[in-house]
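Colleague: Can you look at this prediction? I've put the sequence above it.
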Amino acid sequence: MRRSFWYLLAPILIFTIYGLWINVKDLFPFIFPTITLLFTLCILEYLFTGTKRRVLFSFNIILILFFSFVIYPSLTAKKNIEHLSIPFEDIKSFNMLTPDGVSISLSNDKMILLDFMFLECKPCILKLNYLQTLKDLPISINIIVDGQIDKFEDFKKYYYENKEMLSGFTFLYDIEGRLSRKMKINTYPTELIIKNKNIILKDVGLPSDAKTNYFDIRKKILTDKKNDPLKM
């Protein structure tokens with residue numbers, strides 16, 4: 001049985017080691033060690049009989065469920081977040097429009113969140129539910145509608161039809177998409193968190209984690225002194 005076990009396991013180990021050698025960033029920790037461990041346990045389950053097989057089968061089911069619903073969502077959220085520490089080039093030079101047509105620039109708040117979207121973007125609309133969880137944090141939340149894509153009249157209409165849902169946010173129209181182009185936004189939604197005029201987080205797409213994890217990660221980033229550019 002020992003020889004059969006190694007014959008079955010060898011290809012998995014060889015391909016895993018090769019994969020880690022050429023692309024460790026994308027394989028860890030989802031493919032290795034998680035998937036490798038599951039394959040190994042499945043092989044053991046195949047080789048054993050009776051009580052040992054039942055125990056291994058039950059353990060596999062528990063491990064798969066725990067990984068799928070607890071570990072994977074949290075790891076995916078952290079993996080999808082791109083931490084940056086680059087100068088934020090004079091964002092206040094970009095004037096934007098409120099739904100009332102008033103031209104304003106972004107606030108001077110210490111911590112600012114920008115969420116870039118367009119009105120027909122379904123993931124962008126769903127993202128608003130995640131942003132709702134951040135309202136009690138000390139951060140100015142700005143929803144930026146790309147003026148390259150949407151007309152101002154549509155932006156204004158959307159705001160007044162969804163005013164309650166947008167309560168607590170600053171809803172702004174990016175004239176001709178100038179800020180979006182400057183920040184090289186080409187995927188929606190795209191979230192930027194700015195602290196002391198430096199971008200400390202960039203998150204692209206709809207979060208795949210639960211709302212509680214989304215909130216906890218942002219809270220940690222905003223309160224962690226390691227993410228304060230003035231203290232680096």
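Modeller: Now that the structure is in, tell me what you want to look at.

Colleague: where along this structure do the strands fall?
Modeller: Ranges of strands in the chain, per DSSP state E, are 81-82, 86-87, 96-97, 103-104, 111-117, 140-146, 170-174, 190-195, 198-204.

Colleague: Of all the ones you listed, which one comes closest to residue 14?
Modeller: With Cβ to Cβ as the criterion, residue 14 lies closest to strand 81-82 of those, at 31.9 Å. For every residue, glycine as well, the C-beta is placed using N, CA and C.

Colleague: what is the mean pLDDT for the closest one?
Modeller: Averaging pLDDT along strand 81-82 gives 53.

Colleague: One more: stretch 142-150?
Modeller: Summarised as a single mean, pLDDT over stretch 142-150 is 96.

Colleague: how about it: buried residues?
Modeller: Of the residues in stretch 142-150, 142, 143, 144, 145, 146, 147, 149, 150 count as buried by neighbour count, 16 or more other Cβ atoms under 10 Å.

Colleague: Need the max-distance pair from those.
Modeller: Maximum pairwise distance among those (Cβ to Cβ): 17.2 Å, between 142 and 149.

Colleague: quick one: low-confidence ranges for the chain?
Modeller: Applying pLDDT under 70 to the chain picks out residues 1-9, 12, 18-20, 22-32, 68-90, 92, 108, 209, 225-232.

Colleague: 90 instead?
Modeller: 1-94, 105-111, 136, 138, 181-184, 186, 194-214, 216-232 (pLDDT under 90).

Colleague: So which residues of it form helices?
Modeller: For the chain, applying DSSP state H gives helices covering 2-27, 36-47, 50-66, 72-80, 122-132, 152-161, 178-182, 211-223.
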